[in-house]
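[1] Fold the following.
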Amino acid sequence: MRSRIVLLTGLLGIMAWSCTDGPQLKQNVSGKAGEVIVVMDKPVWESGPGQSLRSILAIDFPHLPQREPLFSLFNINTNAFSSIFQTHRNIIICNINPDLEEAKMVIQKDIWAAPQIVVTLSGPTSESVKECIDENNDRLRNAMEQAERNRVIQNSKKFEEKGIRETITSVLGGSPYFPTGYRIKKQTDNFIWVAYETTYTTQGIFIYTYPYRNPDDLTLSRIIAERNLKLEKEVPGPLDNTYMTTNSLIEPSFRWVNFNNREFVEIRGLWDVKNDFMGGPFVCHCFYDRENEKVVVLEAFVYAPRYPKRNYLRQVESIIYSFEWQNEEKNL
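    Below is the predicted model:
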């Protein structure tokens with residue numbers, strides 16, 4: 001046990017030195033999107049701290065047609081945390097040391113690689129670490145989700161299809177950032193459809209508006225009604241009298257989100273094709289454009305019948321998170 005404490009102390013020392021030693025060239029992170037390495041000895045993983053982590057990060061990803069975890073957690077013992085694992089994109093390290101006075105959670109970036117997130121959970125006992133995890137559950141989950149989101153946004157800006165953003169900005173006054181491979185599939189007076197398509201998958205984004213009259217225009221019922229009207233008109237299915245619509249068997253979720261100086265409604269749900277058997281998940285961001293008195297809708301959706309959909313949806317959802325007004329002071 002003492003050797004493990006010494007090892008963890010050394011690792012934390014390296015982490016602190018890496019964060020304060022000025023700019024360094026970091027190698028790219030390893031691992032797949034949505035994976036988290038949890039450095040925690042087996043007895044701790046199987047008891048309170050591990051159970052709390054799983055209850056926060058391994059819950060079902062919301063509104064997918066099949067069950068998939070929010071994150072895929074992989075536990076390794078402290079003495080197995082070698083350089084092979086240190087470059088992973090998402091790392092959680094548990095440090096239980098009786099000499100510590102209290103439990104705490106520390107979030108750091110780019111310790112061994114970039115863009116990386118490393119969360120250190122420290123405390124004198126397993127129970128104190130469990131309590132720390134439970135008290136910081138939202139902060140921990142949000143940090144992990146934001147780290148995954150930031151990687152997609154960073155790549156979208158680095159490898160951007162600038163023409164798409166310029167087209168959308170000319171119509172709307174702002175736009176998300178789209179990475180290489182996305183194309184404008186359809187554009188009408190009040191509707192733009194951008195997609196990345198392969199043989200068996202589609203990651204798409206719809207951008208449209210509708211008039212704002214009062215706060216009821218940003219309620220779940222109004223948003224879904226406007227969505228169904230727009231998609232019936234603009235997104236036909238593969239056969240006559242088929243079109244995209246909202247799955248009515250499972251009610252979409254609704255919440256307000258504050259992100260990057262913008263406040264918007266987030267809607268998550270499932271889409272279907274009327275009179276056909278196609279379907280998949282979607283997520284909408286809906287916000288008030290005060291200057292033009294309209295509601296702006298950014299919708300990300302996925303069609304991937306052969307594959308798990310979590311990572312596909314997280315990727316395309318991150319793109320709509322990248323939305324920026326051409327004049328950022330416009331709606332502040």
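[2] Distance from stretch 107-116 to the middle of the chain?
    When C-alpha coordinates are averaged (CA atoms, centre = their mean, to the nearest Å), stretch 107-116 and its chain have centres 18 Å apart.
[3] rounded to a whole number, what's the mean pLDDT of that stretch?
    Averaging pLDDT along stretch 107-116 yields 96.
[4] and what of stretch 226-238?
    Mean predicted lDDT for stretch 226-238 stands at 96.
[5] which is the next helix or strand following the longest helix belonging to the chain?
    When secondary structure is assigned using DSSP state H, the longest helix within the chain turns out to be helix 137-158. Moving toward the C-terminus from helix 137-158, the first helix or strand encountered (DSSP states H and E) is helix 162-172.
[6] relative to helix 137-158, how tilted is that following helix?
    110 degrees (axes from the mean of the first three to the mean of the last three CA atoms, to 10 degrees).
[7] In terms of secondary structure, what does helix 162-172 contact?
    strand 174-175, strand 183-188, strand 191-197, strand 202-211 (3 or more CB pairs under 8 Å, 6 or more residues apart in numbering; DSSP states H and E). C-betas here are computed from N, CA, C, even on glycine.
[8] In that helix, which residues are buried?
    In terms of neighbour count (16 or more other CB atoms under 10 Å), helix 162-172 has its buried residues at 164, 165, 167, 168, 172.
[9] Quick check: which of the helices and strands packed on helix 162-172 is nearest to residue 41?
    strand 202-211 (39.3 Å; CB to CB).
[10] Let's test this: mean pLDDT of the closest one, rounded?
    Strand 202-211 comes out at a mean pLDDT of 97.
[11] now it: how far from the chain's centre is it?
    18 Å.
[12] What of stretch 276-286?
    16 Å.
[13] per-domain residue ranges of this structure.
    2-155, 160-325 (automatic domain parsing).
[14] lowest-pLDDT helix or strand in the protein?
    Counting by mean pLDDT, DSSP states H and E, the chain has its least confident helix or strand at helix 2-20, which shows a mean of 46.
[15] helices and strands around whatever helix or strand comes next after that one, which ones?
    Where DSSP H and E defines the elements, the next helix or strand beyond helix 2-20 is strand 27-28. Of the remaining helices and strands, those touching strand 27-28 by 3+ CB pairs under 8 Å, 6+ apart are strand 113-114.
[16] Identify the residues contacting the very next helix or strand once past the strand it packs on?
    As assigned by DSSP H and E, the chain's next helix or strand after strand 113-114 is strand 117-123. Under the contact criterion CB atoms under 8 Å, 6 or more residues apart in numbering, strand 117-123 has outside partners 12, 15, 49, 89-97, 100, 102-109, 111-112, 129, 132-133, 140, 143-144, 147.
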